[in-house]
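Visitor: starting from these lines, generate the structure:
(2 chains)
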Amino acid sequence: MDKKTIIKTLEKIALYMELQGENPFKVSAFRKAAQVLELDERSLSEMDNITSLKGIGAATGAVINDLIETGESSLLKEMQESVPGGLLPMLKIPGLGGKKIAKLYKELGVDSIESLKIACEEGKVKGLAGFGAKTEEKILAQLEVFQTKPERTAIWQLEPIVAFIEGILASMDTVVKYSVAGSYRRVKESSKDIDFIVATTLPLKVREELLEKLPLLKVIAAGDTKVSVTLDVENEVDVDFRLVEPHQYASALHHFTGSKDHNIKMRQIAKEKGLKISEYGVEQEDGSVQSFESEKEFYAYFDLPFIPPTIREDGTELNKLEMIPSLVTLEDIKGDFHMHTTWSDGAHSIEEMVEACREKGYSHIVITDHSNYLKVANGLSRERLLQQIEAIHVMNEKYSDIEIFAGTEMDILPDGSLDFDDELLEQLDFVIASIHSSFSQSQDKIMARLRTAIENPHVHMIAHPTGRIIGSRTGYDPDVPTLIEWASEFGKILELNANPHRLDLETVYLKMAQEKGVPIAINTDAHHLDQLRYMDVGVKYAQKAWLHKENIVNTWTLDKFKQYLKK
DNA sequence: GCCGTTTTCGGCCCGACTGTTTTCAGTCG
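Guide: All right, here's what the predicted structure looks like:
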């Protein structure tokens, strides 16, 4: 019996209990037990007395022992027999929770999405106590959309929408300040919706203005402090606006940035001190409410350092506060080592890229255009690459405040060979190897290709190691833990590709790489000046993985970087 | 269902919005 199965079983039991209209605290006790197991890093065999864990008591302990001994849970089995499985997906319909579904089942025999639809169409639902005509209408409307709408939207799809909304808020003089919040601010790879906090003294006016200016598909809710809408954009997306007084802004931003677990932990800390945290501030025992200028002040009030949004996740961040100063920030970044120019498929000249990087205050960068094989990207032939190296040398004469290194993003070909020979690679300062073809090869073949690159003494780094596009394609299925082992053995860098489409490597592997002492480079892979800004996304994503700044190549000084290249 | 030496019973994070009510339950984040 593995831990994952136990966790899943406990969560499933919680779902079934919810459907039976059980006491919500009982339901959350099972969820909590699952989470306790999840957060405990030990394997099952290393835990001798399971009920000694805080949050696992007699009942959840019995389920776990049942699973270990018999391989299944008799409690879950019993529930599955008495509650139709068809009710489970109904929990995903907005507006329907356990209580209402239980009622629909008991009173009308509704046991699936299909029978729910029929019951609504026949007008039976509105007759139930606690239901009404509006509820029935709403359910029918939800049934139309909810199965076609993806549950979460990828970060790169949300990015332009966030920028668009920020533009609107910036243009409104009724708005004092604003910020995106929620999982987008925490740089999750995908989000269910977008949250915005808006500080204003005229909430009603802001509400009207927003409803007027946004491309609306639907208004979900429009209260005095909260506006929820579905936007009519390419991938329709829900956006929540919370309208607060300026002095409530910091608390509201913290509250709606989450995560939920982080907030619960914070509230427990407050409660121990006789205080109460809400989105409006911190309520004292005498009922007065303390508000804050910034999130930093808010944390300081509880003797805590500023906790970056990216690491506000399962609550365990509060046990690792001493590691926060070692996390990388944008100010630590001294260079970007993967970018393209008009020499291959980039939109700007070398000079334009250099100028933009100078403005960012970088001390060194690497120009890495595509190699010969990648014809669709105008990959550089041997001759053109030699010309480009020369052009970069000439350009270096011009600048005293930035050093430009000549590099390449060399393809690892489908047959496992490298696109350039050693004699040519030797003339480059920095060599990236990456895969852009034959993604569907077997894992053995992919790994053989990567192995060739790792073994080559001229290769410094493997770019976007899995080739994934978030929410769209999984990439080429390398055995990443083995790749990390190899990188460690041969002293190679692995890339954290900062493009929001990729964020490759993902956090679990970044952590693994750090444990093995593999240096990570955060690179924008910019094909356009605009995309150099992705460094910010990459840095935040690295925070999520708790990478130490000294393990990140971009934080090294020019001298240290040069030392590394010489090895 | 779980927890706890100020509690073995009573609370569990906290508040907004909607739709159904006529003071509040359910849902959501």
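Visitor: for the most centrally placed residue in chain A, give me its contacts.
Guide: The centroid of chain A falls nearest to residue A:188 when counting by Cα atoms, centre = their mean (1.7 Å). Counting by Cβ atoms under 8 Å, 6 or more residues apart in numbering, residue A:188 touches residue A:155. For every residue, glycine as well, the C-beta is placed using N, CA and C.
Visitor: and residue A:60, by the same measure?
Guide: A:10, A:29-30, A:33.
Visitor: quick one: the helices in the stretch 301-450 of chain A?
Guide: A:350-359, A:382-398, A:422-425, A:443-455 (DSSP state H, counting those that start in this stretch).
Visitor: remind me which helix or strand the residue nearest to the centre of chain A belongs to.
Guide: Assigned by DSSP states H and E, residue A:188 falls within no helix or strand.
Visitor: checking my notes, residue A:134 in a helix, right?
Guide: Yes - the assignment for residue A:134 by DSSP: H, G, I helix; E, B strand; the rest coil puts it in a helix.
Visitor: relative to DNA strand B, how far out is it?
Guide: From residue A:134 over to DNA strand B the distance is 3 Å, taken as Cβ to the nearest atom of the strand, to the nearest Å.
Visitor: which parts of the stretch 1-150 of chain A sit against DNA strand B?
Guide: Proximity of the stretch 1-150 of chain A to DNA strand B (Cβ under 7 Å from any atom of the strand) is limited to residues A:23, A:25-26, A:28-30, A:32-33, A:51, A:53-61, A:91, A:93-101, A:126, A:129-136, A:138.
Visitor: mind redoing it with 6 Å?
Guide: A:23, A:25-26, A:29, A:54-61, A:94-100, A:129-135, A:138 (Cβ under 6 Å from any atom of the strand).
Visitor: follow-up on the earlier one: are any of the contacts of residue A:60 buried, and which?
Guide: A:10, A:29-30, A:33 (16 or more other Cβ atoms under 10 Å).
Visitor: if we can go back for a sec, in CSV, list the helices of the stretch 301-450 of chain A along with distance to DNA strand B, mean neighbour count and mean pLDDT.
Guide: Below are those laid out as CSV (distance: least, Cβ to the nearest atom of the strand, whole Å; neighbours: other Cβ atoms under 10 Å; pLDDT from 0 to 100):
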stretch, distance to DNA strand B, mean neighbour count, mean pLDDT
helix A:350-359, 37, 18, 97
helix A:382-398, 49, 15, 96
helix A:422-425, 51, 14, 96
helix A:443-455, 38, 18, 96
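Visitor: which one of those helices lies closest to residue A:45?
Guide: Proximity to residue A:45 (Cβ to Cβ) singles out helix A:443-455 among the helices of the stretch 301-450 of chain A, at 28.7 Å.
Visitor: neighbouring contacts of the closest one?
Guide: A:412-414, A:416-418, A:433, A:435, A:438, A:441, A:459, A:462, A:465, A:476-479, A:482-483, A:486-487, A:490, A:492.
Visitor: from the chain's centroid, how far away is that helix?
Guide: 28 Å (Cα atoms, centre = their mean, to the nearest Å).
Visitor: elements contacting the helix or strand just after it?
Guide: For helix A:443-455, the succeeding helix or strand toward the C-terminus, using DSSP H and E, is strand A:461-462. Packing contacts for strand A:461-462, counted by 3 or more Cβ pairs under 8 Å, 6 or more residues apart in numbering; DSSP states H and E, involve strand A:430-434, helix A:443-455, strand A:493-497.
Visitor: what's the closest of these to residue A:283?
Guide: Among the helices and strands packed on strand A:461-462, strand A:493-497 comes nearest to residue A:283, with 41.1 Å by Cβ to Cβ.
Visitor: the residue lying closest to residue A:131 once chain neighbours are set aside and residue A:221, how far apart?
Guide: Computed as Cβ to Cβ, 6 or more residues apart in numbering, the closest residue to residue A:131 that is not its neighbour in sequence is residue A:125, at 5.4 Å. Distance from residue A:125 to residue A:221, counting by Cβ to Cβ, to the nearest Å: 21 Å.
Visitor: name the element the residue in the stretch 451-567 of chain A that DNA strand B sits nearest to belongs to?
Guide: Of all residues in the stretch 451-567 of chain A, residue A:471 sits closest to DNA strand B, at 18.6 Å by Cβ to the nearest atom of the strand. For residue A:471, there is no host helix or strand (DSSP H and E).
Visitor: I'd like to know how many residues surround the residue nearest to it when sequence neighbours are not counted.
Guide: Excluding its sequence neighbours, the residue lying closest to residue A:471 (Cβ to Cβ, 6+ apart) is residue A:154, at 3.5 Å. Residues lying near residue A:154 (other Cβ atoms under 10 Å) number 20.
Visitor: phi, psi for residue A:154 please.
Guide: phi -70, psi 150 (degrees, to the nearest 10).
Visitor: again, but for residue A:314
Guide: The phi/psi pair for residue A:314 (degrees, to the nearest 10) reads phi -90, psi 10.
Visitor: next: residue A:531.
Guide: Per-residue torsions, residue A:531: phi -80, psi -10 (degrees, to the nearest 10).
Visitor: so who does whichever residue of the stretch 1-150 of chain A sits closest to DNA strand B touch?
Guide: For the stretch 1-150 of chain A, the residue closest to DNA strand B is residue A:132, as judged by Cβ to the nearest atom of the strand, at 1.9 Å. Residues near residue A:132 by Cβ under 8 Å, 6+ apart: residue A:126.
Visitor: which strands or helices does the helix or strand residue A:114 falls within pack on?
Guide: If you go by DSSP H and E, residue A:114 is part of helix A:113-121. Secondary-structure packing of helix A:113-121 (3+ Cβ pairs under 8 Å, 6+ apart): helix A:98-108, helix A:133-146.
Visitor: can you get me a residue count around the closest residue to DNA strand B within the stretch 151-300 of chain A?
Guide: Among all residues of the stretch 151-300 of chain A, residue A:223 sits closest to DNA strand B, at 2.2 Å; criterion: Cβ to the nearest atom of the strand. By other Cβ under 10 Å, the residues close to residue A:223 number 10.
Visitor: pLDDT at it, what is it?
Guide: With respect to pLDDT, residue A:223 has a value of 83.
Visitor: how near is it to residue A:205?
Guide: Remark: distance between residue A:223 and residue A:205 (Cβ to Cβ) = 15 Å.
Visitor: and for residue A:321?
Guide: 41 Å.
Visitor: try residue A:283
Guide: Per Cβ to Cβ, residue A:283 is found 28 Å from residue A:205.
Visitor: just residue A:520 next, same as before
Guide: Noted for residue A:520: a distance of 47 Å to residue A:205, by Cβ to Cβ.
Visitor: what do you get for residue A:486?
Guide: 60 Å.
Visitor: repeat for residue A:549
Guide: In terms of Cβ to Cβ, residue A:549 sits 44 Å off from residue A:205.
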